[in-house]
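Chemist: Please find the sequence and the predicted model below.
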Amino acid sequence: MQKPDNQKGFILLITTFFMLMIMITVSLSMSALMFNRQMIITNSVKSTQSYYAAESGIEDSLLKLKNNPQIPATSYAFTVGNTTANVTIPAIAGGSRQLLAKGDNGGIIKNIGALYTIDSQGIAFHYGAQAGEGGVQMSNLSVVKGNVFSSGSITGSGTIENEAIVAGQNSINGVDVNGNAISYSCVNADIGGNLTYVAGGSNTCDVEGSTTQQSGAVPVQPLPISQEQIDEWKNGAQEVEVISGNYTIANNQTQAMGPVKITGNLILANNATLRLMGTVYVVGSITISNNAKIQLDASYGSLGGVLLADGLINISNNSVFSGSGQAGSYVLMLSTSTSNSAIVVSNNGGGAIFYTSQGGVLLNNNVKVKEVTGYKITMNNNVIVEYESGLANPFFSGGPGGAWKVTNWEEK
């Protein structure tokens, strides 16, 4: 028996309805998928544009800093196409700037950061005093509060509170050592710890600890700053600014300088203040008069600064040297002169690191310094060298006005 035609029509209608619903569902699903994929592609493009805008912002900030390393803290908008990067250049802190750029394209944000740091070199001062073959001459009541290494003899009548090491066929003669001592020979000295001397040498010292012999002398050690490093500081100074002739900072005046090369002499008159912004290289001599001050700019952070001369450095009474105010920051006074009095520090002047690459350092009455290194060291009455543990690994730079480098670059 056949179904009525109206039933056939109803079934066809239902079938058509369900087919239409399926087609609509598939069409909507395809549309949603295409929309989502389009959104993903659009957001991906915006994300890429935000990222590269932020990178461009960092590069723009580095260009600004290259042209002016002392630019103050600032924030600004940098536009690339239809994307804006908000760039922040902070103030110098601890010898570094943490640059930040935020790229924003329609709410899609990418952050890029870069650490911009003063270029620095690590120099190890392992001893309170280190001398070359010229040795160490100590007078009454002179004291080294630290260890001493000398490639020449240590002679005189002072006291070394810690250990003393003498290289080559040289001796400790008359200087008391409260700690251990190693020397080819030991003559007329009191050794508070153990003594090691070399077979073939002699020993007439009063030793509280043990006394032993070794077969060979201690090898000579080079001074810790190479000529290549000194040349690098010189080149860095003269690449920025050159002052012809002599330069004087008058009585009671304050002057910020560096990096700079002075072709003549540098003179600091009474009560004058030199604020180091970078390495100062003096072809002639440096004269620092009574109560003058040399201090590092706060932007050095934990880094040290350098004041060097090819000629003599003469420092008069009560001169004051100070770092940036942070731990690990020191003033390095360096002379390349071959004179026995390449650096002369008089009464109560001190507080810096004094270094001669080829000449002598003469420390006069009542001077107190942090560290001294030179071909020859002479310590007169009441001189105190008081070593600080941080000097084992200080870092020195050309200063905030000198060379900088990017040490880190990453997405935040």
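Modeler: In hand now; what should we look at?
Chemist: Contact partners for V260?
Modeler: The neighbours of V260, taking CB atoms under 8 Å, 6 or more residues apart in numbering as the test, are A237, Q238, V240, E241, V242, I243, G278, T279, V280, Y281. In short, each C-beta sits where N, CA and C put it, glycine included.
Chemist: Show the buried residues in those.
Modeler: When neighbours are counted using 16 or more other CB atoms under 10 Å, the contacts of V260 contain these buried positions: A237, Q238, V240, G278, T279, V280, Y281.
Chemist: Which residue is the nearest non-sequential neighbour of the last one?
Modeler: The spatially closest residue to Y281, leaving aside those adjacent along the chain, is A237, at 4.0 Å (CB to CB, 6 or more residues apart in numbering).
Chemist: Pop out the phi and psi values for the one you found.
Modeler: Its backbone dihedrals place A237 at phi -70, psi -50, with angles given as degrees, to the nearest 10.
Chemist: Pull up the per-residue confidence for it.
Modeler: According to the per-residue confidence, A237 scores 90 in pLDDT.
Chemist: can you check the one 5 residues further on too?
Modeler: With respect to pLDDT, V242 scores 95.
Chemist: beta partners for it?
Modeler: Here V242 sits in beta bridges with K261, going by DSSP bridges.
Chemist: Going forward, count from 235.
Modeler: Sure, I'll start counting at 235 from here, so that last one is V476.
Chemist: contacting residues for it?
Modeler: Contacts of V476 were listed using CB under 8 Å, 6+ apart, and they are V494, K495, I496, T497.
Chemist: The second one and G470 touch, don't they?
Modeler: The one in question is K495. No - the pair formed by K495 and G470 falls short of the contact definition of CB atoms under 8 Å, at 9.6 Å.
Chemist: one step back: just the buried ones from the contacts of V476?
Modeler: For those, a neighbour count by 16+ other CB under 10 Å gives the buried set as V494, K495, I496.
Chemist: low-confidence ranges in the stretch 385-534 of the chain?
Modeler: Low-confidence segments of the stretch 385-534 of the chain, defined by pLDDT under 70: none present.
Chemist: all helices of it, in order?
Modeler: Counting by DSSP state H, counting those that start in this stretch, the stretch 385-534 of the chain forms helices over residues 461-472, given from the N-terminal end onward.
Chemist: In contact with the closest residue to S384 other than its chain neighbours, which residues?
Modeler: With CB to CB, 6+ apart as the criterion, S384 has its nearest non-adjacent residue at 4.2 Å, and that residue is A365. Shown in contact with A365 (CB under 8 Å, 6+ apart): V382, F383, S384, S385, G386, I388, T607, G608, Y609, K610, I611.
Chemist: Just put those in CSV and tack on distance to T430, neighbour count and secondary structure.
Modeler: Below are these laid out as CSV (distance: CB to CB, whole Å; neighbours: other CB atoms under 10 Å; DSSP: H, G, I helix; E, B strand; the rest coil):
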residue, distance to T430, neighbour count, secondary structure
V382, 15, 29, strand
F383, 14, 22, strand
S384, 15, 29, strand
S385, 17, 22, coil
G386, 18, 21, coil
I388, 15, 30, strand
T607, 24, 25, strand
G608, 25, 27, strand
Y609, 25, 21, strand
K610, 24, 22, strand
I611, 23, 30, strand
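Chemist: Could you list the domains of the protein?
Modeler: The domain map for the chain lists 239-352, 358-385+455-631, with the assignment taken from automatic domain parsing.
Chemist: what's the most buried one of those domains?
Modeler: Here the criterion is mean neighbour count by mean count of other CB atoms under 10 Å, and of those the winner is domain 358-385+455-631, at a mean of 21.
Chemist: Now do the SS call for V595.
Modeler: For V595, the secondary-structure state derived from DSSP: H, G, I helix; E, B strand; the rest coil is strand.
Chemist: Secondary structure element for the residue lying closest to A307 once chain neighbours are set aside, which one?
Modeler: Leaving out its chain neighbours, the residue that sits closest to A307 by CB to CB, 6+ apart is A325, at 4.1 Å. Here A325 is covered by no helix or strand, with elements defined by DSSP states H and E.
Chemist: still on that earlier bit, so which of the domains of the chain is nearest W643?
Modeler: Each of those was checked against W643 via CB to CB, and the shortest separation belongs to domain 239-352, namely 4.6 Å.
Chemist: quick one on the thing from earlier: could I get the contacts of V476 as JSON lines with distance to E395?
Modeler: Conversion of the contacts of V476 to JSON lines gives the following (distance: CB to CB, whole Å):
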{"residue": "V494", "distance to E395": "39"}
{"residue": "K495", "distance to E395": "40"}
{"residue": "I496", "distance to E395": "39"}
{"residue": "T497", "distance to E395": "43"}
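Chemist: Closest one to N525 out of those, please.
Modeler: Within the contacts of V476, the smallest distance to N525 is 21.9 Å, found for I496 (CB to CB).
Chemist: For the closest one, give its distance to L254.
Modeler: Separation of I496 from L254 (CB to CB, to the nearest Å): 92 Å.
Chemist: Ok, R509 next?
Modeler: 85 Å.
Chemist: before we move on, back to that, thought V516 was touching the residue nearest to Y515, still the case?
Modeler: No - contact criterion CB under 8 Å: A471 and V516 do not qualify, at 9.3 Å.
Chemist: Common neighbours of the two, please.
Modeler: For the pair A471 and V516, residues contacting each of them under the criterion CB under 8 Å, 6+ apart are K495.
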